[in-house]
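> okay, here's the prediction I keep looking at, along with the sequence it came from:
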Amino acid sequence: MTAEVLRLESVRKSFGSVTALRGASLSLREGEVVALLGDNGAGKSTLIKAVSGVHPIDGGAIYVRGEKASIRSARDAIDLGIETIHQDTSLAPDLSIARNLFLGREPVKLPFLGVFAPIDFPALRGAASALLKRVGISKKLDADAAVNTLSGGERQSIAISRAMQFAAKVIILDEPTNNLGVEETHGVLRFVKEVRDARHTVLFITHNIHHVFQVADRIVVMRRGEIVAERAVADTNLLEVEALIMGVDVSTLAEQAKVH
Ligand SMILES: Nc1ncnc2c1ncn2[C@@H]1O[C@H](COP(=O)(O)OP(=O)(O)OP(=O)(O)O)[C@@H](O)[C@H]1O
């Protein structure tokens with residue numbers, strides 16, 4: 001059994017009178033890809049925002065590698081090795097791929113000048129090219145190209161590469177294939193598998209159940225602010241997953257499918 005990297009225990013979060021998380025519990029292990037599923041309003045975004053420090057939790061506990069963690073900000077999460085890539089990705093579109101891969105952590109000349117130290121561009125370019133090569137996208141992309149010249153899928157790959165570069169143990173993806181074309185979607189899904197092969201843990205939200213079967217090891221289903229089911233992907237099927245999301249019996253769903 002591989003090591004547990006992240007555990008949520010009875011996590012609660014409310015927004016005024018709306019309870020978004022009412023005791024959600026979840027465990028992620030090293031090197032697995034877990035899909036977080038659920039209908040609109042089930043609490044998926046709130047759960048990942050709790051882990052990424054956007055919405056600090058009201059109750060329950062989060063453990064990172066067995067230690068109880070206090071995640072009150074995005075910085076806390078990153079320092080604990082948890083990187084979240086939101087749908088709009090957090091890339092700076094006018095800057096180069098190289099700058100984006102190292103944003104805020106670029107190699108500098110004269111480091112004693114602190115925040116005024118000039119960026120060491122040859123070193124930055126070299127490190128960026130090495131990273132693109134390591135993650136297998138160097139043939140397609142030039143480190144000097146501006147991010148606004150890239151497709152949505154390529155942008156996702158750059159955002160994920162950045163998370164890998166800084167040794168994030170847990171990479172959280174919020175609908176990583178949303179708005180992408182077929183080929184780009186396959187590129188991102190392939191990339192997720194490579195990230196797993198490098199022993200990172202991936203938690204991704206998706207509304208596309210087909211993608212789950214292509215890339216995830218395990219599914220976790222949320223309804224009304226709770227995790228209501230977990231399955232190994234190898235032990236389930238499309239119909240069962242749909243039934244779990246909707247909160248109905250598989251037989252009911254199968255009957256409905258016959259009628260329509
Ligand atoms: N910032 C907020 N302020 C108030 N209510 C919120 C806020 N964020 C989420 N909620 C509420 O919390 C509940 C869970 O929302 P959440 O966005 O986590 O669901 P979701 O599963 O991600 O849905 P979707 O798939 O539609 O994105 C919903 O009732 C939502 O309206």
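Received, thanks.
> what about the strands in the stretch 1-150 of the chain?
For the stretch 1-150 of the chain, the strands defined by DSSP state E, counting those that start in this stretch cover 4-15, 18-29, 33-38, 59-64, 67-69, 82-85.
> mind putting those strands into CSV with mean pLDDT, distance to the ligand and mean neighbour count?
Where you see a C-beta, it was placed from the backbone N, CA and C, and this is true even at glycine. Converted to CSV, the strands of the stretch 1-150 of the chain look like this (pLDDT from 0 to 100; distance: least, C-beta to the nearest ligand atom, whole Å; neighbours: other C-beta atoms under 10 Å):
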stretch, mean pLDDT, distance to the ligand, mean neighbour count
strand 4-15, 96, 3, 18
strand 18-29, 96, 3, 18
strand 33-38, 96, 5, 24
strand 59-64, 96, 15, 17
strand 67-69, 95, 20, 12
strand 82-85, 87, 13, 25
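> wait, which of those strands is closest to Asn179?
Nearest to Asn179, of all the strands of the stretch 1-150 of the chain, is strand 82-85, at 14.1 Å by C-beta to C-beta.
> quick one: strands adjacent to that closest one?
Applying DSSP bridges, strand 82-85 is found paired with strand 170-174 (parallel).
> and the strand it pairs with with the ligand, contact?
No. Contact of strand 170-174 with the ligand (C-beta under 6 Å from any ligand atom) is absent, the minimum separation being 8.5 Å.
> flag every buried residue along that strand.
Within strand 170-174, the residues scored as buried using 16 or more other C-beta atoms under 10 Å are 170-174.
> list just the nearest of the residues you listed to Val182.
In terms of C-beta to C-beta, no member of the buried residues of strand 170-174 lies closer to Val182 than Leu173, at 18.3 Å.
> can you lay out the buried residues of strand 170-174 as JSON lines showing pLDDT?
Shown next, in JSON lines, are these (pLDDT from 0 to 100):
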{"residue": "Val170", "pLDDT": "91"}
{"residue": "Ile171", "pLDDT": "88"}
{"residue": "Ile172", "pLDDT": "91"}
{"residue": "Leu173", "pLDDT": "87"}
{"residue": "Asp174", "pLDDT": "87"}
